[in-house]
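Visitor: here is my input; please provide its structure:
(one chain, ligands or ions: 1)
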Amino acid sequence: MDTTAPFFWGSATASYQCEGAWQEGGKAESMWDRYLHENDLENGDVASDHYHRYREDIETMAKGGQNAYRFSLSWPRIIKNREGEVNEEGIAFYNSLIDTCHEFGVEPFVTIYHWDLPQYWEDEGGWLNEETAHAFEHYARVCFDRFGDRVRYWATFNEPKWFVMSGYLIGNYPPALQDPEKCAHAAFNVMYASALGVKAFRAGGYEGSIGIVHSFGPVDGVDDTLETKIAMRFADNYANNWILDTAATGELPIDLLTDLNRRFDLSYITPDKLQALREGTVDFLGLNYYSRVLVRPYTDGETQLVVNNSGSAFKGSQRVVIKGWFEQVLDDPNMQTTEWGTEIYPDGLRRGLIEVTRRYHLPIYITENGIGVAEDVSQGEVQDDYRIAFMKDHIAAIKAAQEAGADVRGYFVWSTFDLYSWKNGCRKRYGLVAVDFENGYTRTPKKSYRWYRDFIAGEQTGK
Ligand code: BG6
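Guide: Now for the predicted structure:
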């Protein structure tokens, strides 16, 4: 790891959520293209039109003092088909994006997979087919070969938990299944693919470091009883450990495996794959932090998960239950939440960072942190004081964790500019810069952009 690198103050996006140009530049169809079109849902066909405006966007970041840009590569833009043929137009697009970052002094922080699986692999079973893991390895190797001379920070996957749980258990993301056994299988294949990617990176002798990005939800219990402690462990395995333990130590949590093995056929977990997991551990952890997981012991009822990405602002709380394991508390009247029902809880970030450091002793980047709000962008600069307060509180939590020994090396606001929020369309805005989706995709920095710029300048001059 490069220990001389500066602290990264940046922001983040993802290919499907911002690029648009869904049929340009030789791009193949992604599973999100197919799923949203087929279900007649708001889609990212144009998104923020970043494909055509990346230069302006990167320049705006740089003028805002940001020294790093986390973005993802689109697999269907880079690889044409199941045979693994490379799309040179896609390579040219990312070459130009990466070069533009360097031109403006912005470090590219690249995620290889942020959920847009090529439809040609979904047609073959997607993450339920281990061939997809091998195809990912090929795709990752192409990325290292073509961009590795200019990219020093790589992440294999963005949030395995979120796309696997949503795709195979909740059923609100493609492939829209509600099947715990398939969910466990897809989860394993994704972690296996990640390890294959890390191994390919090491074997190729590329410079730089490679990690994984996890949607990080530190677990709290409602009280100190034994029952709650056990529920917390189940929740931690579900929300964190199956990714973090596996990526950081190469070992799946054994109590989770024991439990799953009682219920499902896990014969696909073979010694050679377990060995790959051990050999494919990461250099760093990217943590996306939105909120914690507050739990109480399981009482009754079937497995039931919140579906809050329904396309409209969240209405009232729902039960989140994993049968036999735990229940998540969402109905505490003291909780401060966003209008989509996400708890705002900065102290979870401080305590979580300390805990992750205690467990894994790895460098950490906060690869996403932000607040989604339905904002009116038609009245000039958005006065998003709530976003400024959110960022201040979370940055303070990071600093407190650093003082307690956490090796945090970067902070990326989600998101660089307004973009498409999965299933919520473009109403749920996270950006530092407003995008007027109705009027030519014009960009207008929000008040939070100016605040972040001044904050970063203060950090750099020590004020
Ligand atoms: C993270 C994802 O889970 O949260 C992003 O990495 C996502 O892609 C962000 O947009 C916010 O979630 P949402 O559903 O509100 O857009």
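
Visitor: how many neighbours does Y411 have?
Guide: 22 (other C-beta atoms under 10 Å). Quick note: C-beta positions are derived from backbone N, CA and C, even for glycine.

Visitor: where do the strands sit along the stretch 351-463 of the chain?
Guide: 364-368, 373-374, 408-414, 428-429, 433-436, 442-445 (DSSP state E, counting those that start in this stretch).

Visitor: direction included, what does the fifth one pair against?
Guide: To tie it back to what came earlier, the one meant is strand 433-436. According to DSSP bridges, strand 433-436 forms sheet pairs with strand 442-445 (antiparallel).

Visitor: export the strand it pairs with as PDB, just CAs?
Guide: What follows is strand 442-445, C-alpha atoms only, in PDB (Å, rounded to 0.1, in the frame of the first residue of the first chain):
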ATOM      1  CA  THR A 442     -27.600  21.200 -16.400                       C
ATOM      2  CA  ARG A 443     -25.400  21.100 -13.300                       C
ATOM      3  CA  THR A 444     -25.600  23.600 -10.400                       C
ATOM      4  CA  PRO A 445     -23.400  23.100  -7.300                       C
END
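
Visitor: neighbouring contacts of it?
Guide: With contact meaning C-beta atoms under 8 Å, 6 or more residues apart in numbering, strand 442-445 is reached by 53, 56-57, 60, 64, 377, 380-382, 417, 432-436.

Visitor: what does the chain put close to the ligand?
Guide: 14, 17, 158-159, 162, 215, 288, 309, 368, 372, 414, 421-422, 424, 428 (C-beta under 6 Å from any ligand atom).

Visitor: tell me how many other residues crowd the nearest residue in space to W22 that is not next to it in sequence.
Guide: On the basis of C-beta to C-beta, 6 or more residues apart in numbering, the spatially nearest residue to W22 that is not a chain neighbour turns out to be D45, at 4.8 Å. Counted with other C-beta under 10 Å, residues neighbouring D45 total 13.

Visitor: do V320 as well
Guide: By other C-beta under 10 Å, neighbour count at V320 equals 18.

Visitor: need the contact list for it.
Guide: So V320 contacts 304-306, 327-328, 330 (C-beta under 8 Å, 6+ apart).

Visitor: if we can go back for a sec, mind checking which of the contacts of strand 442-445 are buried?
Guide: Taking 16 or more other C-beta atoms under 10 Å as the criterion, what is buried in the contacts of strand 442-445 is 53, 57, 60, 64, 377, 382, 417, 432-435.

Visitor: model confidence over stretch 451-463, on average?
Guide: Averaging the model's pLDDT scores along stretch 451-463 yields 90.

Visitor: go through that stretch and flag the buried ones.
Guide: Within stretch 451-463, the residues scored as buried using 16+ other C-beta under 10 Å are 451-453, 455-456.

Visitor: may I ask which helix or strand of this structure has the lowest mean pLDDT?
Guide: Sorting the helices and strands of the chain by mean pLDDT, DSSP states H and E puts strand 320-322 at the bottom, at a mean of 83.

Visitor: run the chain-centre distance for it.
Guide: 22 Å (C-alpha atoms, centre = their mean, to the nearest Å).

Visitor: following it, which helix or strand shows up next?
Guide: strand 326-328 (DSSP states H and E).

Visitor: who does that next one pair up with?
Guide: So strand 326-328, judged by DSSP bridges, has these partners: strand 293-297 (antiparallel), strand 320-322 (antiparallel).

Visitor: contacts for it, please.
Guide: 231-232, 234-235, 238, 293-299, 306, 319-321.

Visitor: mind giving me the PyMOL select for the residues you listed, buried ones only?
Guide: Here is the PyMOL selection string for the buried members of the contacts of strand 326-328, based on 16+ other C-beta under 10 Å:
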select buried, resi 231+232+234+235+238+293+294+295+296+297+298+306+320+321
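
Visitor: between the contacts of strand 326-328, which sits nearest V282?
Guide: When the contacts of strand 326-328 are compared for distance to V282 (C-beta to C-beta), Y238 wins out at 20.5 Å.

Visitor: my guess is the closest one meets V321, correct?
Guide: No: using C-beta atoms under 8 Å, Y238 is not in contact with V321; the gap is 11.4 Å.

Visitor: of the contacts of strand 326-328, just say which sits nearest to G148.
Guide: Nearest member of the contacts of strand 326-328 to G148, counting by C-beta to C-beta, is Y238, at 34.6 Å.

Visitor: residues near the residue lying closest to the closest one once chain neighbours are set aside, how many?
Guide: Once flanking residues are discounted, Y238 sits nearest to I322: 6.1 Å by C-beta to C-beta, 6+ apart. I322 has 22 neighbours, counted by other C-beta under 10 Å.

Visitor: what pairs with I322 across the strands?
Guide: F326.

Visitor: if I pick it, what's in contact with it?
Guide: 234-235, 238, 298, 303, 305.

Visitor: so which of those are in helices?
Guide: Those of the contacts of I322 mapping onto helices are 234-235, per DSSP state H.

Visitor: lowest-confidence one in the contacts of I322?
Guide: Within these, pLDDT is lowest for L305, at 73.
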